[in-house]
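In: whatever this is, show me its structure:
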Amino acid sequence: MSRATTILAVKRGNQVAIAGDGQITVGDTVLKHTANKLRKIYHDSVITGFAGAIADALTLFERFESQLDKHEGQLKRAAVELAKEWRTDRILRRLEAWLVVANKDELLVISGEGDVVEPDDNIVGIGSGGGYAQAAAKALLKYSNLPAAEIARVSMEIAARQCIYTNSNISVVSLGDEPDRTLPSS
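Out: Below you'll find the predicted structure:
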């Protein structure tokens, strides 16, 4: 799994949110504190986040969006086709990135090995702090009534306190009943 970033996706009912920190590191040096690792694509009906090498992730975003267009917004089909392309293309096989993609109905992870995974519990964390953020989100999803975007933000704040590769400059994009917004950290 990619290091040096944290991305978390949470789905609750017809709400889905992806949160990401803003830190870019190389080794033990922070190069940037305010990076945006999240995107809305396909007519703002799909949200995405990435962990890994930035140039590689942008290449994958572009290829994934092309697959979404080709398959008329069918998230799972586009993800599977990207995974097939990833496994057979010599250049893509060398890319070091993970993607989280979601619409109101589905939440998927496209791994650095070209796998497509649909998490069982509507939560997934990737990157260095992904485990911390995912654990916090599981607890908040089970024991609170917070909307998906708020669960994602609070969980990322918890991860930022635990993981040195995760900062507290948190961005959140969401779909569903709640508005898309960047939530300030507390």
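In: how far off centre is stretch 30-43?
Out: 10 Å (CA atoms, centre = their mean, to the nearest Å).
In: in that stretch, what counts as buried?
Out: Within stretch 30-43, the residues that count as buried by 16 or more other CB atoms under 10 Å are 35, 37-39, 41-42. For glycine as for every other residue, the C-beta is placed from the backbone atoms N, C-alpha and C.
In: which parts of the longest helix seen in the chain are buried?
Out: Criterion DSSP state H: the longest helix present in the chain is helix 54-70. If you call a residue buried by 16+ other CB under 10 Å, then helix 54-70 has these buried ones: 56-57, 60-61, 63-65, 67-68.
In: on that earlier part again, which one of the buried residues of stretch 30-43 sits closest to Gly27?
Out: Ala35 (16.4 Å; CB to CB).
In: would you format the buried residues of stretch 30-43 as a markdown table with pLDDT included?
Out: Putting these into a markdown table (pLDDT from 0 to 100) gives the following:
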| residue | pLDDT |
| --- | --- |
| Ala35 | 89 |
| Lys37 | 92 |
| Leu38 | 95 |
| Arg39 | 92 |
| Ile41 | 93 |
| Tyr42 | 94 |
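In: tell me where the model's unsure across the protein.
Out: 1-4, 91-94, 178-186 (pLDDT under 70).
In: now do the residue most central in space within the chain against Tyr143, distance only.
Out: Closest to where the C-alpha atoms of the chain average out (CA atoms, centre = their mean) is Gly49, at 3.2 Å. Gly49 is 25 Å from Tyr143, where distance means CB to CB, to the nearest Å.
In: got it, and Gly52?
Out: 32 Å.
In: about what we covered before: that's a strand at the residue nearest to the centre of the chain, yeah?
Out: Yes - using DSSP: H, G, I helix; E, B strand; the rest coil, the secondary structure at Gly49 is a strand.
In: ok, it to Val109 distance?
Out: Distance from Gly49 to Val109, by CB to CB: 10 Å.
In: do Tyr42 as well
Out: 18 Å.
In: same question for Gly52.
Out: In terms of CB to CB, Gly52 sits 12 Å off from Val109.
In: overlap of the contact sets of those two?
Out: Residues touching both Gly52 and Val109 (CB atoms under 8 Å, 6 or more residues apart in numbering): Trp98.
In: hang on, Ser174 is in a strand, isn't it?
Out: Yes - counting by three-state DSSP, Ser174 is located in a strand.
In: burial count for it?
Out: By other CB atoms under 10 Å, the residues close to Ser174 number 25.
In: partner residues bridging it?
Out: Ala17 (DSSP bridges).
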